[in-house]
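S.K.: quick one, fold the following:
(one chain, ligands or ions: 1)
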Amino acid sequence: VEDVEAEVDKYTLSAFIISHTKDKEMTIMMNAMQLACKLIARAVRKAGVANLYGLHGSANASGDDVKKLDVLSNDIMINALRNSGMCALLVSEEEEKPIIIPEELRGKYCLAFDPLDGSSNIDCNVSTGTIFSVFERKSTGEPTVDDILRPGTDMVAAGYCMYGSATDFVVTFGNGVHRFTLDDSVGEFIHFGEMKFPAKNKTIYSCNEGNFTLWDDKIQKATEMFKAGPKPYSARYVGSMVSDVHRTILYGGVFYYPADKKSTKGKLRVLYEGLPMALLTEQAGGLANTGMFKGKLGRIMEVIPETIHDRCPIIMGCERDVEKVLAFYKEG
Ligand code: P6P
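M.R.: Residues are numbered from 1 along each chain as shown. As a prediction, this is how the structure comes out:
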């Protein structure tokens, strides 16, 4: 009995959103979001194997074509959010153009999401995730991209769902970061607690060093500093942004995907990678900076995307380590 009582005392994500936001429309929209993440989690857990069948060009047992997981995840996200009746415009990494919700199903939220970030890792069973950012439209009438081509400081919520050894849902409404873990036996995300950078941050740097020769000399020097010591940092890089950011907030350290000679804006997308992860990082007590971008150092939160798939450089993590990287720019 005690265990059950203890479980009941813990918040489910739904109960948390209601009590934390006291906003009916946000609650309805976030219920659709969590349903989508539960369905994607189930597909990822099951379809990893199905994907192997898919790799041999065969159909699955029921004779259907095996949908690539990222296409399936995209369909799940779009259907759930559209049917919630709370959204006006959706931007997906999988969709070239924004999705305008039909008038009869339209609500006040504009969302950008990557339905399955890091999906290239599925075939080797490395963790992946769904990342989302939420804006509240200011305009009326027909929604346009201007409703979402806005700075991160306009976001009203952001989060991700990580499909790893457990399924973790992490979200902020601008008042702290909260982590939930999926209890499959009841199909509920159970509140795990508030997520913050640790008081004592581990010395970890996380980047794709294969790009080293393409980086500017400041990023190269910062990376050499982490490796040189006096106590060398540990290198940790999953190659799935959700996993690298989740570990960075929980353990400390710095994750960076800087601009380079080939990609002058970096690789990661503003609306559904940079901005949501920057809000979460800042809300957890860290820093999220672009490094030298458009002639200045600046908060990722102040970047305004020029197009819905625009990119920006990323340096995010605990204050100690982000400042160590930025110091090379400040020294000139
Ligand atoms: P690279 C995954 O493809 C992704 O978009 C992010 O999840 C990840 O941080 C990054 O790209 C990895 O890129 O060039 O190191 O493979």
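S.K.: name the element residue 192 belongs to?
M.R.: Using DSSP states H and E, residue 192 maps to strand 188-194.
S.K.: one more: residue 44?
M.R.: Residue 44 belongs to helix 24-55, assigned by DSSP H and E.
S.K.: name the next helix or strand downstream of that helix, please.
M.R.: Helix 24-55 is succeeded, C-terminally, by helix 69-84 (DSSP H and E).
S.K.: mind listing what's buried along that next one?
M.R.: Residues 69-70, 72-78, 80-82, 84 are the ones in helix 69-84 that count as buried (16 or more other C-beta atoms under 10 Å). All C-beta spots, glycine's among them, are computed from the backbone N, C-alpha and C.
S.K.: turn the residues you listed into TSV, columns for distance to residue 132 and pLDDT.
M.R.: Output for those, formatted as TSV (distance: C-beta to C-beta, whole Å; pLDDT from 0 to 100):
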residue	distance to residue 132	pLDDT
69	17	85
70	15	80
72	17	89
73	12	92
74	12	92
75	16	93
76	13	96
77	8	98
78	12	98
80	11	98
81	9	98
82	14	98
84	13	98
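S.K.: okay, these in CSV with distance to the ligand next?
M.R.: Output for the buried residues of helix 69-84, formatted as CSV (distance: C-beta to the nearest ligand atom, whole Å):
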residue, distance to the ligand
69, 13
70, 10
72, 17
73, 14
74, 15
75, 20
76, 19
77, 16
78, 19
80, 22
81, 21
82, 25
84, 26
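S.K.: this protein against the ligand: which residues are in contact?
M.R.: Applying C-beta under 6 Å from any ligand atom, we find that the chain lies next to the ligand at 117, 118, 120, 208, 239, 240, 241, 244, 267.
S.K.: the residue lying closest to the fourth one once chain neighbours are set aside: what's it in contact with?
M.R.: Think residue 208. The shortest distance from residue 208 to any non-neighbouring residue, by C-beta to C-beta, 6 or more residues apart in numbering, is to residue 237 (6.3 Å). Going by C-beta atoms under 8 Å, 6 or more residues apart in numbering, residue 237 touches 206, 207, 208, 209, 244.
S.K.: could you measure residue 237 against residue 268, distance?
M.R.: 14 Å (C-beta to C-beta, to the nearest Å).
S.K.: how about the nearest residue to residue 107, chain neighbours excluded?
M.R.: Take residue 107 and drop its neighbours on the chain: the residue closest to it by C-beta to C-beta, 6+ apart is residue 86, 3.5 Å away.
S.K.: tell me the contacts of the one you found?
M.R.: With C-beta under 8 Å, 6+ apart, residue 86 has these contacts: 25, 26, 28, 29, 32, 107, 108, 109.
S.K.: now swap in residue 111 and tell me
M.R.: With C-beta under 8 Å, 6+ apart, residue 111 has these contacts: 81, 87, 89, 90, 91, 132, 133, 134, 135.
S.K.: hang on, isn't the first one packed against residue 88?
M.R.: No: counting by C-beta atoms under 8 Å, residue 88 is not a contact partner of residue 81; they are 10.5 Å apart.
S.K.: what comes up buried for stretch 144-164?
M.R.: Neighbour-count burial for stretch 144-164 [16+ other C-beta under 10 Å]: 147-152, 154-164.
S.K.: among those, which are in strands?
M.R.: Using DSSP state E, 157, 158, 159, 160, 161, 162, 163 are the members of those that sit in strands.
S.K.: what secondary structure does the closest residue to residue 160 other than its chain neighbours sit in?
M.R.: The shortest distance from residue 160 to any non-neighbouring residue, by C-beta to C-beta, 6+ apart, is to residue 131 (4.5 Å). Using DSSP: H, G, I helix; E, B strand; the rest coil, the structure places residue 131 in strand.
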